[in-house]
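Q: Quick one, what's the 3D model for this:
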Amino acid sequence: MENFDLENPLMSSQEHQSDTMPRLFAAESDHMPCEQYFRSIETRDLEVSVRKEAVALILQEQFTNRFDPFISYLAVNYLDRYIASQGMPQGKPWILKLVATSCLSLASKMKKTNFFLTDFRKEEGFIFDTPTIQRMELLILGALKWRMRSITPFSFIQFFLSFFMLKDPPLRDALKARAKEIIFKVQNEIKILEFKPSIIAASALLSAAHELFPIQFPCFKNAISSCVEVNKEKLFSCWNVMQGIVVDGKESGFDMASSSDTPVNVLDLHCSSAESDKTISIDTTTVKYNYNWRGGRHQKEAGSNTAIQQTKK
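A: The predicted model follows:
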């Protein structure tokens, strides 16, 4: 069975189906917390702190063991969807830790990564035996209706990237990498839970373009806005939230001036405006970038088999 790829959640890498994107847009709401979850957390400080604690547990484990960051992203997705369905764990701190641990365990199985609890138990002071975690996993699977092949913002990156009409592959890679970095960064923000994965993906690409190519940003903005699947009001609302997060806590992995890692020659950049039939050609200088993902240096996404692949509608 093929590895689960967050950028291609509906099929194996060997398949190609013309209806993939319509299916993703149609199903994405099934893979995000309900709106009531966002509204509830937004107005209750206690629930905000509880969620932050659970997310922090997942991220600490990812950082300590240098897991693929997609594992922690998937685990937080499971966590939010589970809590939205079953309610916020209250009263007993160990329940929250058990839920977070089990979500991380499920995500690691999806990415076929060995997940050892020894260090996690030692650091947190709680001991969960394997049967306990397995029972919690089953509860999570039931609450999520076995929809473990999550549709996330990463599932839409390539689609929206095609609207930018970038001819230079290194430039596309730089823009895509920065957008992914932004998606990882903003997952912790409560306000982002309001938006669909597709809107988050489009907003992340806009944020990356605004940061890397501010002069050409209006062109990119028009291109993304021309997509019929995009709600413009939601897009720019999400983008504004995202900009506040990225600018305020600037973890920019990109060093535009001094980095000697991976020079990208930006040549023959073409972008099409939705308001014009003309193609704008831009010749810019060399952009150099250096980026890090949480938990270690960026590496190409490794494939992995998964023990849990079924999705029930």
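Q: Alpha carbons of stretch 100-116, in PDB - could you do that?
A: The C-alpha trace of stretch 100-116 is given here as PDB (Å, rounded to 0.1, in the frame of the first residue of the first chain):
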ATOM      1  CA  ALA A 100      -2.400  14.100  22.600                       C
ATOM      2  CA  THR A 101      -0.200  11.000  22.900                       C
ATOM      3  CA  SER A 102      -2.700   8.800  21.000                       C
ATOM      4  CA  CYS A 103      -3.200  11.400  18.300                       C
ATOM      5  CA  LEU A 104       0.600  11.500  17.800                       C
ATOM      6  CA  SER A 105       0.700   7.700  17.700                       C
ATOM      7  CA  LEU A 106      -2.000   7.500  15.100                       C
ATOM      8  CA  ALA A 107      -0.300  10.200  13.000                       C
ATOM      9  CA  SER A 108       3.100   8.300  13.200                       C
ATOM     10  CA  LYS A 109       1.300   5.100  12.000                       C
ATOM     11  CA  MET A 110      -0.100   7.000   9.000                       C
ATOM     12  CA  LYS A 111       3.400   8.200   8.100                       C
ATOM     13  CA  LYS A 112       4.900   4.800   9.100                       C
ATOM     14  CA  THR A 113       7.300   6.200  11.600                       C
ATOM     15  CA  ASN A 114       8.400   4.300  14.700                       C
ATOM     16  CA  PHE A 115       6.800   6.000  17.800                       C
ATOM     17  CA  PHE A 116       8.500   5.200  21.100                       C
END
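Q: residues of that stretch that come out buried?
A: 100-111, 113, 115 (16 or more other CB atoms under 10 Å). In this view, the C-beta of every residue, glycine as well, is placed from N, C-alpha and C.
Q: What is the end-to-end distance of stretch 85-103?
A: Criterion CA to CA, to the nearest Å; first-to-last residue distance in stretch 85-103 is 14 Å.
Q: Stretch 64-73 too?
A: Stretch 64-73 end-to-end distance (CA to CA) = 15 Å.
Q: Any stretches of the stretch 201-313 of the chain with poor pLDDT?
A: For the stretch 201-313 of the chain, the stretches flagged by pLDDT under 70 are 249-313.
Q: got it, and the stretch 1-150 of the chain?
A: Using pLDDT under 70, the flagged stretches of the stretch 1-150 of the chain are 1-2, 11-18, 43, 45-46, 91, 115-127.
Q: Recalculate using a threshold of 90.
A: 1-6, 8-20, 33-54, 57, 60-68, 86-97, 111-133 (pLDDT under 90).
Q: What segments of it are helices?
A: Taking DSSP state H, counting those that start in this stretch as the criterion, the stretch 1-150 of the chain carries its helices at 20-27, 35-42, 45-65, 69-86, 93-110, 118-124, 130-143.
Q: do you know which of those helices lies nearest A179?
A: Closest of those to A179 is helix 69-86, at 13.6 Å (criterion: CB to CB).
Q: Which other helices and strands does that closest one contact?
A: Applying 3 or more CB pairs under 8 Å, 6 or more residues apart in numbering; DSSP states H and E, we find helix 69-86 packed against helix 35-42, helix 45-65, helix 93-110, helix 130-143, helix 169-186.
Q: Now do the contacts for A143.
A: 81-82, 85-86 (CB atoms under 8 Å, 6 or more residues apart in numbering).
Q: Show me which parts of the helix or strand containing F220 are buried, residue by residue.
A: Element membership for F220 (DSSP states H and E) is helix 217-225. Counting neighbours by 16+ other CB under 10 Å, one finds that the buried residues in helix 217-225 are 217, 219-225.
Q: Likewise for stretch 190-199?
A: Per 16+ other CB under 10 Å, stretch 190-199 contains these buried residues: 191-199.
Q: can you check stretch 139-157 too?
A: Buried residues in stretch 139-157 (16+ other CB under 10 Å): 140-141, 144, 147-157.
Q: Please report how far K112 lies from D68.
A: 10 Å (CB to CB, to the nearest Å).
Q: repeat for L138
A: Taking CB to CB, one finds L138 at 24 Å from D68.
Q: repeat for T132
A: 25 Å.
Q: For the two, indicate the residue with more neighbours.
A: It is D68, of T132 and D68, that has more neighbours when counted by other CB atoms under 10 Å, with 20 against 13.
Q: just to revisit the earlier point, could the buried residues of stretch 139-157 go into a markdown table alongside distance to L171?
A: Shown next, in a markdown table, are the buried residues of stretch 139-157 (distance: CB to CB, whole Å):
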| residue | distance to L171 |
| --- | --- |
| I140 | 40 |
| L141 | 41 |
| L144 | 38 |
| R147 | 35 |
| M148 | 34 |
| R149 | 30 |
| S150 | 29 |
| I151 | 27 |
| T152 | 24 |
| P153 | 21 |
| F154 | 19 |
| S155 | 22 |
| F156 | 19 |
| I157 | 15 |
